[in-house]
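Asks: show me the folded form of this:
(3 chains)
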Amino acid sequence: MGLQFKTETFRDDFTFSNSPEAIHRFPFPFDSDSYMYSVNIEQHMPGPPKSHVEFPIDIDEHYVAEMQDRAMVLKEDPLRCQALPHMLTAEWDLVELLMESMSKHYPEHFSLTKDGDRWHWVNRPLGIDQRFTFGDTATLPYPPMEYVTRQCQGDFALIDQRNDMLFMDAGMITTQADWSLDFDIGMSWTEWHGPVPLAHDLGIMDRALKFLLNLQQGRPVRRLNWTMTVNPRLDTSPENYHKWGVDRTTVTPENVGDKVHLRVELQALWRLPRSNAIVFSIRCYLIKMSELVTIPKWGRRFPRILKGLPPELAEYKGLTRYRDMTIKYLEQFDDGAPTSPGFFPD
Amino acid sequence: MSGGVEITVRVAEIEQATASVKRFRLASASGEPLPVFSAGSHVVVSMDDGGHRIRNPYSLIDRAPDGLSYRIGVLRTPNSRGGSIFMHERVSVGSELVITMPVNLFPLIRTGRKHVLVAGGIGVTPIYAMADELRSQNAPYEVHYAMRDEANGAFAAELVERHGDKVRLYRDDAREIIRVEEMLPNQPLGTHLYVCGPEGMINAILAGGRAAGWPVENLHSERFLAPPGGAPFSVALAKAGITAEVGPHQSLLEAIEEAGVDAPYLCRGGACGQCVTTVLSFEGELIHNDHYLTDEEKASGTKIMTCVSRLNGRELVLDL
Amino acid sequence: MTTLSDIKSRPIYAGLKVDDMARRHLVAAEGEGALAVIEAFSRAPDALDRTTILYCPAGSAAMGHDTALADLNPDVFHLAPSPQTLLVRLNVMLSTATMGTRLYATGTEGFIGAVIAAALPFGVDHHSIYTEHRGSLARRVQCVHCKGMTENVTATPFTCSHCGLTLFVRDHYSRRLGAFQGVCVDAEEPGVIPPVEELYK
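Replies: All right, here's what the predicted structure looks like:
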């Protein structure tokens, strides 16, 4: 049975919402009632059926709408997709990874057939039928990374490894949580994580770097990261902050349930075969507070998390202005009962 | 399993490349294509010597155009703990072996404007793959390959055939030696040098690079250590509650694996740091043979790389 | 030498020292950076006959540093009227330079950033460039919204010289751009601007 793709928007009238099935499979990132920044990396192994980690690349009901939103972002600001010239091999690696995974796990929507280097890609939801030569950039309408990531949910960064350091040298970043690809491209691991508070002092960044330098082909890893966003806006870029920043002042006790969203990133990393580069995928999931509380365990746990959040983290995540109002709303759904360990609904 | 995903291969072809080097074609046992790899990668080959497991890293030379096989080159080393002798004497066409996924600790620097590849003896195997990759990318490069004599230059003819006048050969018996001071000064800014070969050669080439005023950031080498033997000692694994003996020709990692403990590793050659293990206590002296830990870490007595390092003493207690 | 704050994305300017091994020394200096060059090369006079110095006095025009540098008597000394003209010459020299050339950059942070950014396309690893910060702490800032660069920013917030937004200077530095990031300061409450602080004099 194929996915039913929704018609919805992530800007202007913000018609985005989650179906009950999408709420149930939401990657709720807290396995206990308190939160502290940590590496929390695990193998990116197939998870339970219908969960967000059933397949390595997750396609869901928001696919078509998200791809339309990405196209709009790129039309306004082409700098959201950039690649330094030495990353071309890695771009082709990414084409292979995404097309193979999407066609294998969603055969009713995507298909890939190969005759040596001559590939035939069909994307039914977006109405694309493309024959091209793998490795020959002139046979695609866009550069390889841009071509494939215009057709895959999630942001993607391609990371080069040189002299025992990682460099973010290419990316398609249109649903970012407040960081600029145009500014950060070319940075080393340490440089681009510069603004993350606490993590450096905890030695987390150094340990994660050592781990990723030895990331193995065939053994991808993942972690969850989270923040909050007012309105279901995918494009919370610093580039447009002067346009969306004001959203943060529009939260009222009446609209908090629908306006405030938990934004979870499923971050996954793969070692790429031809280039020895790493692809870092950042797959964004949004859920309204009013949707979140339909899972009683999450409705109890999330206000407890927000209350215990260190102020510098709250500031970094940009939720200082509406944190108290959100806690107040959520506390209606917290009867004080203990919550069961783990992420999943009871 | 701690080395990652494993692949079963069958030996499809063995070629006596020189008096002391055999080239093996390892074919996918399942019939599925083997993973694509980046030049400079190695796999760890796992051999079953009558219930005794030997694991050695070998650089990948190439992958067949149909993707169904890799080639590796194995130098028979007289003081081998058994790995290269096993490959030379016990492995025949049809033998099954288990390999890890390719791992690259010797990658090409893709921001480089030109690449100078230097190989000595069996060190040619990663260099061979690098030259092929640079050719396919139309990047500027040159290859310098030193060998004992013509009979030992199995790779020489293939290199010349594939790369023409980009290859320069040096024969020890003709007293031809690589002259770093002639090779390096006029290379364009942004050139990177890669060397793989005997330890002495690597050291000489890297020193020559510095003497030519090259920044260390542009000088790259790969040295795989065979785990040096030594006096036997016992190792206690605190978490597992097991004590095992490390034999004189066995590495610490091999003894841990033989005791049934799944310890982490990647390169098994002292380079990658994956097998770094916390030392809880020891009686005697730690012999650090790796290229990974800092001098301070080595002196601290709290960390050890189990793949190449050992104890000169009675008992070592590890946090495993 | 100025000690700079603990910003992870900002390069460490470790100070100029002459690389004895280098076959050629290519020095790009601006303003007060001249003093760093004089100090380093006075300690290694033998290197001077293999040294090219490109210098632009910028804000230090009245200080006579150009004469002091010329008095070092390097193999080549070129006095450039502006950082831009210096960079034009540097680019041509990098395109024909050989390995064994050590690149040095000293002066304000914006100038060092521009030299590093010029060298990157020639395959030079930024770690191999020796740098020393001298002179003003003024920052070069890129507006994240319109991408316009504003030079010599000494205070935060400031007005973007291109799009006119009021920008807060974030402690986040891009080597590729040689610039700090400027972000709209009143996005959440338009017109509410915090007091100006002169932080980067």
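
Asks: so B:Glu297: helix, strand or coil?
Replies: helix (DSSP: H, G, I helix; E, B strand; the rest coil).

Asks: I should have written C:Gly182 there, sorry.
Replies: Applying three-state DSSP: C:Gly182 is strand.

Asks: where exactly do the strands run in the stretch 51-200 of chain A?
Replies: All strands of the stretch 51-200 of chain A, identified by DSSP state E, counting those that start in this stretch, fall at A:81-83, A:110-115, A:118-123, A:128-133, A:155-162, A:165-172.

Asks: what about the longest helix in the chain?
Replies: Let's take chain A. Identified as the longest helix of chain A according to DSSP state H is helix A:88-105.

Asks: should've been chain C
Replies: helix C:83-96.

Asks: buried set for it?
Replies: For helix C:83-96, burial by neighbour count (16 or more other C-beta atoms under 10 Å in any protein chain shown) applies to C:Pro83, C:Leu86, C:Leu87, C:Leu90, C:Met93, C:Leu94. All C-beta atoms are positioned from the backbone trio N, CA, C, and that covers glycine.

Asks: for chain C, find the nearest of the strands of the stretch 51-200 of chain A.
Replies: strand A:155-162 (7.9 Å; C-beta to the nearest C-beta).

Asks: quick one: that closest one to helix A:88-105, angle?
Replies: If you take axes from the mean of the first three to the mean of the last three C-alpha atoms, to 10 degrees, strand A:155-162 sits at 130 degrees to helix A:88-105.

Asks: contact partners of the helix or strand A:Arg222 falls within?
Replies: According to DSSP states H and E, A:Arg222 maps onto strand A:221-230. Strand A:221-230 is touched from outside by A:27, A:29, A:39-44, A:53, A:177-178, A:211, A:215, A:236, A:247-248, A:250-251, A:259-269, A:286, A:317-319, A:322, A:326, with contacts defined as C-beta atoms under 8 Å, 6 or more residues apart in numbering or on different chains.

Asks: ok, for B:Tyr58, nearest residue in space, not its chain neighbours?
Replies: B:Ile72 (4.1 Å; C-beta to C-beta, 6 or more residues apart in numbering or on different chains).

Asks: run a quick check on that neighbour versus B:Phe37, I expect a contact.
Replies: No: using C-beta atoms under 8 Å, B:Ile72 is not in contact with B:Phe37; the gap is 11.6 Å.

Asks: close to chain B: what parts of chain C are there?
Replies: Residues of chain C that fall close to chain B, judged by C-beta under 8 Å from any C-beta of the partner chain: C:19, C:21-24, C:94, C:97-102, C:120, C:122-125, C:127-128.

Asks: close to chain C: what parts of chain B are there?
Replies: Near chain C, when you scan chain B using C-beta under 8 Å from any C-beta, you find B:111-114, B:184-192, B:210-218.

Asks: now, which of the residues you listed lie within strands?
Replies: Within those, residues falling in strands by DSSP state E are B:Lys114, B:Thr191, B:His192.

Asks: need those in CSV with pLDDT and neighbour count, can you?
Replies: Shown next, in CSV, are these (pLDDT from 0 to 100; neighbours: other C-beta atoms under 10 Å in any protein chain shown):
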residue, pLDDT, neighbour count
B:Lys114, 97, 18
B:Thr191, 97, 23
B:His192, 98, 26
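
Asks: and those as a markdown table, adding distance to chain A?
Replies: Output for these, formatted as a markdown table (distance: C-beta to the nearest C-beta, whole Å):
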| residue | distance to chain A |
| --- | --- |
| B:Lys114 | 13 |
| B:Thr191 | 15 |
| B:His192 | 10 |
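
Asks: what does B:Ala129 show for phi and psi?
Replies: The phi/psi pair for B:Ala129 (degrees, to the nearest 10) reads phi -70, psi -40.

Asks: what about the longest helix of chain A and chain C, any contact?
Replies: No: Helix A:88-105 lies out of reach of chain C by C-beta under 8 Å from any C-beta, never closer than 15.6 Å.

Asks: that helix packs against which elements?
Replies: Under the contact definition 3 or more C-beta pairs under 8 Å, 6 or more residues apart in numbering or on different chains; DSSP states H and E, helix A:88-105 sits against strand A:110-115, strand A:118-123, helix A:144-149, strand A:155-162, strand A:278-288.

Asks: near the residue nearest to A:Asp58 when sequence neighbours are not counted, how many other residues are there?
Replies: Leaving aside its sequence neighbours, A:Asp58 sits nearest to A:His52 (C-beta to C-beta, 6+ apart; 5.1 Å). Neighbours of A:His52 under the rule other C-beta atoms under 10 Å in any protein chain shown: 19.

Asks: in PyMOL, select just the buried ones from the residues of chain B next to chain C.
Replies: Buried residues among the residues of chain B next to chain C (16+ other C-beta under 10 Å), as a PyMOL selection:
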select buried, chain B and resi 111+112+113+114+184+185+187+188+189+190+191+192+212+213+214+215+217+218
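
Asks: ok so, going back, so what touches the longest helix of chain C?
Replies: With C-beta under 8 Å, 6+ apart as the test, helix C:83-96 has contacts from B:189, C:26, C:28, C:30, C:52, C:54-56, C:58, C:78, C:80, C:103, C:111, C:114-115, C:118-119, C:122, C:124.

Asks: and the angle from the following helix or strand past it to helix C:83-96?
Replies: For helix C:83-96, the following helix or strand on the C-terminal side (DSSP H and E) is strand C:101-107. Relative orientation of strand C:101-107 and helix C:83-96, computed by the same axes, to 10 degrees: 170 degrees.

Asks: any idea how far strand C:101-107 is from the chain center?
Replies: 10 Å (C-alpha atoms, centre = their mean, to the nearest Å).

Asks: tell me where chain C has helices.
Replies: Going by DSSP H, chain C shows helices at C:33-42, C:65-71, C:83-96, C:109-119.

Asks: what residues of the first one count as buried?
Replies: Looking back up the chat, that one is helix C:33-42. For helix C:33-42, by 16+ other C-beta under 10 Å, it's C:Gly33, C:Ala34, C:Leu35, C:Ala36, C:Val37, C:Ile38, C:Ala40, C:Phe41.
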